[in-house]
Structures are given as C-alpha cells and as structure tokens.
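Student: sharing a model that was predicted from the sequence below.
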Amino acid sequence: MLVTVLRRGLQIPHIYGGLRYFATAAASRPVPSPRVGSIQSPTDLLASFGRSCETKLKVESWDELWKMGGAGMRRAGVGVKDRRYILWSLEKFRQGHDPADFAHPERPKKKIRGWGPSVQFGKRIRSRRHR
C-alpha cells in the first residue's frame, strides 16, 4: 500500500491512486444478460448491429464479448471504424436500447473527391483566373 507523508510526519494511506482504472475498466461494468427474442448468442447480437460485424469479430461466449475492450478487438484484427461502432453499439445495448433502434448503415463513400468538381455546366474548369 502506498503511503503519503505530510509535513508533520503523519502517514496517510494512499488508496485513491489506482481507483481511476477500476472506474473505467470494461471488466467492472455489469454484463447484461441475453434478451428474450432473436438475441441469444454473441453472433446474434453482432448480426443485429449490422455492417456485417459478426464476420469481423469472432467470440465464443457472451462474457468474452463483454469483457473484450478496444485493445482486444484490435488484437483480433478489427478495423478502427468497425471497432468504434461495435463498442458504441455494445454500450447502447448495455444501457437497455434495442439494436433495431440505434443500428445504422455505414456512411457511403464520397463520389466527388478533391476541392470540387472539375466539370461544371458541361464545361471543364481549368483555373479560376481569366485568360
């Protein structure tokens, strides 16, 4: 146990140093039980989130899914956007929301790249200065 020493020589046990870890660790949060209906396994839950999450993350048990954090998903090879979406969806499910209410498809890819279209009104734009 760490001890903090004051000016007068009093020793006070230092118990608050490591509490921040336990307050934010995923292991300390309650594991919700599977809900009655179509969600009975981790694969069913990930499938209800959409975005083919069940193919990107393979877990065997319900507890393993809830104890896994971002670092565990990274070791499993899940990409950053997918990892953030899965963690966000798991927290929503933990709070009691239905996946049908909060699951949404991925944002479509941009069709036009760069600073703007190079063709406007049927004419190719080369520069903004007058010639």
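Tutor: Yep, it's here.

Student: surely Glu64 touches Pro42?
Tutor: Yes: in this structure Glu64 lies within contact range of Pro42 using Cβ atoms under 8 Å: 7.4 Å. (Each C-beta comes from the backbone N, C-alpha and C, glycine too.)

Student: low-confidence ranges, the chain, go.
Tutor: When residues are selected by pLDDT under 70, those of the chain lie in 1-28, 36, 112-120, 125-131.

Student: quick one: contacts of the helix ranked longest in it?
Tutor: Criterion DSSP state H: the longest helix present in the chain is helix 80-94. For helix 80-94, the surrounding residues in contact (Cβ atoms under 8 Å, 6 or more residues apart in numbering) are 29-30, 32, 45-46, 49, 51, 53, 56-57, 65-66, 69-70, 73-74, 78, 99, 102-103, 106.

Student: buried sites along it?
Tutor: 82-83, 85-87, 89-90, 92-93 (16 or more other Cβ atoms under 10 Å).

Student: on that earlier part again, from the contacts of helix 80-94, which land in helices?
Tutor: Short answer: the contacts of helix 80-94 in helices (DSSP H) are 45-46, 49, 53, 56, 65-66, 70, 73-74, 99, 102.

Student: these into a markdown table, with extra columns for neighbour count and distance to Lys123?
Tutor: Shown next, in a markdown table, are the ones in helices among the contacts of helix 80-94 (neighbours: other Cβ atoms under 10 Å; distance: Cβ to Cβ, whole Å):
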| residue | neighbour count | distance to Lys123 |
| --- | --- | --- |
| Leu45 | 25 | 53 |
| Leu46 | 24 | 49 |
| Phe49 | 22 | 46 |
| Cys53 | 19 | 45 |
| Lys56 | 17 | 45 |
| Leu65 | 19 | 55 |
| Trp66 | 20 | 58 |
| Gly70 | 14 | 49 |
| Met73 | 20 | 49 |
| Arg74 | 12 | 48 |
| Pro99 | 19 | 49 |
| Phe102 | 13 | 45 |
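
Student: many thanks, we can stop here.
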